[in-house]
Structure formats: structure tokens, C-alpha cells
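Participant: what would the 3D arrangement of this be:
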Amino acid sequence: MRETERRAVAETASPKPPPERLSLTLPVINRSERIWLVLAGADKAGALGLALADANVASVPVAGVQGRKRTVFFVDQEAAAEVPENLIDRERYWTANDE
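Facilitator: Prediction:
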């Protein structure tokens, strides 16, 4: 279950670096008017595609990120490689190839 009450949560034994960190919760993040997300590398391609396809937030937390005015994904070609063309919304998604 995702945190909905606290503003931040402490992680003390994360399998991904850094193992100890503080993370803002989705309710706090989603209070922002504009959110910019930066994804780089092939290991982010699956998460990006699922987020753009409105996957379940419990499975893909980034799918729950939604700025009050705008959410933009800045991605490199490797992160964008697996995203189906029909999911690319130029208002939310930008790659290094776009001019």
C-alpha cells in the first residue's frame, strides 16, 4: 500500500542506491503545478511505457505522478525505445531528437 498521509518516508534498506534516503510521497509531489521527470537508460524504458499507458500506481509508482498544470517526461533515446508511438503525447514527452 502506498503512503497517503505522510509528506515524506524514510527508506533505510533500499535494494537500489542509495540504500538510505528520504522520498516525497505522491500526494506531496502531485501538489506541484508542474512536474518534470528525467529518465535515462534502457532500464527505464519499461517504467516509462507503463507510466504513459496509465499503469497501476502500486506496480509503477511513476504512473501516479501528475502535476496540477503539466507533467513532462524528459527522456533519452534508450528510455524511449520501447514506448509505442500511440502513447507518445508531445505535451508530456520529449526526447533528445525532438527540436
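
Participant: CA atoms for contacts and neighbours, from now on please.
Facilitator: OK.

Participant: surely Ile35 is in a strand?
Facilitator: Yes - read with DSSP: H, G, I helix; E, B strand; the rest coil, Ile35 is one of the residues of a strand.

Participant: from what I see, it and Thr71 are in contact.
Facilitator: Yes - using Cα atoms under 8 Å, Ile35 is in contact with Thr71, at 4.8 Å.

Participant: quickly list the domain ranges of the protein.
Facilitator: According to automatic domain parsing, the chain comprises the domains 1-31, 34-99.

Participant: give the buried residues for the first one.
Facilitator: This means domain 1-31. 8, 25-27, 29-30 (16 or more other Cα atoms under 10 Å).

Participant: give me the mean pLDDT for it.
Facilitator: Mean per-residue pLDDT for domain 1-31: 88.

Participant: how far off centre is it?
Facilitator: Counting by Cα atoms, centre = their mean, to the nearest Å, domain 1-31 is centred 13 Å from the centre of its parent chain.

Participant: equivalent analysis for stretch 26-43, please.
Facilitator: With Cα atoms, centre = their mean, you get 5 Å for stretch 26-43.

Participant: same question, stretch 51-60
Facilitator: With Cα atoms, centre = their mean as the basis, stretch 51-60 stands 9 Å off its chain's centre.
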